[in-house]
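J.: give me the fold of what follows.
(one chain, ligands or ions: 1)
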Amino acid sequence: MTGVGIDAIEIRTGKLALDLAETFAPAMDEAPEKYTKGLGVRSSSLPDVYEDIVTMGANAARRLLERKGLELDDIGRIDVATESAFDNSKPVSTYIAGCLEGVFEGDLHHANKGERKFACISGTQSIDDAYNWIQAGRNRGRAALVIATDMALYARDDPGEATQGAGAVAMLIDTDPAIVELSKEQGYGSADETDFLKPNQQFPSVDGKRSVQVYLARMREALTDYESVAGDVRPEDFRYVPFHTPFPGMVKKAAMLTYRHMIRDTEIEDELASEIGRQPREEAFEDEEAFREAVREYMDALKSTDRYTEWYDRTIAPTIELAGQVGNWYTGSVHVARASALAHAAENDEDVTGKHLLVGSYGSGAQAEGHAETVQAGWRAEIDALDIDDQLEARYDLDFAEGTSTRDTHFFAARVSSLAWFKRREAPFVITKRLRRFERLLSVALAVGTARRKNLFSRVKRARAGSGR
Ligand code: CAA
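T.: This next block holds a predicted model:
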């Protein structure tokens with residue numbers, strides 16, 4: 001069998017934008033530099049009142065199928081990765097499949113559908129599932145659709161509010177892929193952690209500072225585990241290293257950790273020794289805190305070397321460009337980072353065919369996964385077909401009060417009596433009406449034909465009558 005990997009990608013951003021430095025920071029009585037320099041995120045994408053994880057995911061999937069000239073019969077599997085699901089039983093993929101069936105010929109009755117949960121890493125896990133399904137020969141010639149879709153919204157005044165975002169990434173996983181082929185080798189770092197939770201509640205409970213440390217600890221384990229199967233990794237092995245990006249400042253920390261690991265016991269460490277000394281070795285310290293302090297000092301020094309900044313600017317900075325404009329998309333975030341890197345290569349007319357990526361995925365709770373990808377010959381055409389720049393340009397700029405009310409609308413903190421949207425609604429997939437208990441049945445109403453829509457309404461009526469409402 002030829003390789004398996006990502007054959008196509010579509011990105012759908014929420015239609016609203018909150019400028020963090022200009023709008024959010026002043027309202028929070030904070031310095032804009034906390035966002036532009038510290039967290040590294042300039043604005044967040046938020047969903048308009050008629051958008052949610054289904055509409056964003058379905059719109060991304062629809063454009064992907066249309067652009068690739070695919071029919072529903074070509075898709076054998078749909079997995080949705082999300083942390084924003086609204087149903088503990090019926091998977092979001094069924095709603096998205098219903099939307100697609102409303103606008104394409106045929107149906108998806110033959111397709112295996114599911115929903116993957118492990119915080120932000122579940123998008124990558126869904127790709128892994130699709131990869132295994134195809135490699136096992138169970139796909140009957142069909143491709144898999146993986147859709148990572150999330151509304152990463154936080155409670156008012158939660159520090160996480162600064163890192164919110166909303167959007168969907170749809171990816172086609174197939175043999176002989178156009179964009180990247182996945183490595184067989186993977187490395188994991190996984191442990192029972194409680195730094196970020198959503199136990200049947202609207203907003204996450206987050207121990208933010210600890211979550212940063214847990215991310216780094218699991219990523220370190222995943223890197224070591226990956227090396228145990230793939231051999232040592234070195235900085236020059238990879239053209240780009242896309243990480244899960246809750247905010248770009250987090251990636252700066254992960255990049256430093258990775259680089260320090262990659263240069264240990266190499267000529268690079270030797271060459272840098274005259275400038276900044278050698279890396280502290282734990283065995284040389286009796287006291288753990290003294291060792292940690294020495295590591296912090298070494299990293300501070302390493303950060304300002306030309307060698308590191310050149311590597312960072314070339315390998316990491318392009319991966320966080322898009323995240324800095326859209327915020328955290330949870331499950332979609334690492335896939336946004338990959339697209340951001342490849343868009344950078346396209347903008348600079350660099351042919352990265354045959355080059356390698358080291359992809360660092362992460363999900364709270366917590367698990368990191370590292371694997372390599374090899375860029376394929378069709379990458380440029382696929383990246384050029386993305387319309388994300390136009391979507392970003394077209395976003396409506398929220399003021400602070402609008403940002404707060406939009407978030408409340410999505411989570412019913414305020415009762416929604418009317419739909420006052422910011423951007424013009426575009427068919428096919430928009431929420432047309434909200435009901436507290438049967439929201440989803442109506443949400444896809446614009447996506448389906450009249451007969452089907454009538455059917456949906458009568459199902460809602462029957463359900464409401466049955467529940468005495
Ligand atoms: N100029 C320059 N830099 C500034 C600044 C200024 N005026 N003010 C602050 N900064 C810097 C700070 O020094 C800090 O940088 P360092 O971490 O490098 O020191 C950075 O800006 C953020 O400042 P604070 O730490 O003061 O920010 P905060 O208290 O508001 O919390 C946070 C930051 C903990 C990340 C919070 O936003 C949060 O809880 N986010 C949600 C959780 C999260 O994203 N965790 C990431 C790992 S978990 C994960 O990855 C899964 C996921 O998707 C959620």
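J.: C-alpha from now on. contacts and neighbour counts both.
T.: Fine.
J.: ramachandran angles for the residue lying closest to R63 once chain neighbours are set aside?
T.: Once flanking residues are discounted, R63 sits nearest to E10: 7.1 Å by C-alpha to C-alpha, 6 or more residues apart in numbering. With angles defined as degrees, to the nearest 10, E10 sits at phi -130, psi 140.
J.: check G114 too.
T.: Dihedral angles for G114 - degrees, to the nearest 10 - are phi -160, psi 180.
J.: show me what it is bridged to.
T.: Beta-bridge partners for G114, by DSSP bridges, are D79.
J.: could you pull out the strands in this structure for me?
T.: Assignment of strands within the chain using DSSP state E yields the ranges 4-13, 16-19, 43-46, 75-81, 112-116, 143-152, 165-175, 180-190, 196-197, 205-206, 356-363, 367-375, 396-397.
J.: CSV for those strands, including mean neighbour count, mean pLDDT and distance to the ligand?
T.: Compiled in CSV, those are given as follows (neighbours: other C-alpha atoms under 10 Å; pLDDT from 0 to 100; distance: least, C-alpha to the nearest ligand atom, whole Å):
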stretch, mean neighbour count, mean pLDDT, distance to the ligand
strand 4-13, 26, 98, 17
strand 16-19, 26, 97, 15
strand 43-46, 28, 96, 13
strand 75-81, 26, 98, 13
strand 112-116, 20, 98, 16
strand 143-152, 30, 98, 8
strand 165-175, 29, 98, 10
strand 180-190, 21, 98, 14
strand 196-197, 18, 94, 7
strand 205-206, 18, 94, 6
strand 356-363, 25, 98, 5
strand 367-375, 24, 98, 10
strand 396-397, 18, 96, 21
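J.: export those strands as TSV, with columns for distance to R220.
T.: Converted to TSV, the strands of the chain look like this (distance: least, C-alpha to C-alpha, whole Å):
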stretch	distance to R220
strand 4-13	25
strand 16-19	33
strand 43-46	28
strand 75-81	24
strand 112-116	24
strand 143-152	24
strand 165-175	26
strand 180-190	7
strand 196-197	19
strand 205-206	21
strand 356-363	10
strand 367-375	9
strand 396-397	38
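J.: who wins for proximity to D158 among those?
T.: strand 205-206 (8.4 Å; C-alpha to C-alpha).
J.: which among the strands of the chain is found nearest to G231?
T.: Comparing the strands of the chain by C-alpha to C-alpha, strand 180-190 comes nearest, at 9.9 Å.
J.: how far off centre is the closest one?
T.: Put simply, strand 180-190 sits 17 Å off its chain's centre (C-alpha atoms, centre = their mean, to the nearest Å).
J.: point me to the residue of the stretch 201-350 of the chain nearest the ligand.
T.: G208 (3.3 Å; C-alpha to the nearest ligand atom).
J.: just to revisit the earlier point, report the contact partners of the residue nearest to R63.
T.: Taking C-alpha atoms under 8 Å, 6 or more residues apart in numbering, we find E10 in contact with 60-61, 63-64, 169-171, 386.
J.: before we move on, the earlier item: what's the burial count for the residue of the stretch 201-350 of the chain closest to the ligand?
T.: Neighbour count for G208, taken as other C-alpha atoms under 10 Å: 14.
J.: one more: R42?
T.: For R42, using other C-alpha under 10 Å, the count is 25.
J.: what residues are up against it?
T.: Contacts of R42 by C-alpha under 8 Å, 6+ apart are 19-21, 35-36, 324-325.
J.: rewinding a little: my guess is the residue of the stretch 201-350 of the chain closest to the ligand contacts P159, does it?
T.: Yes - using C-alpha atoms under 8 Å, G208 is in contact with P159, at 7.4 Å.
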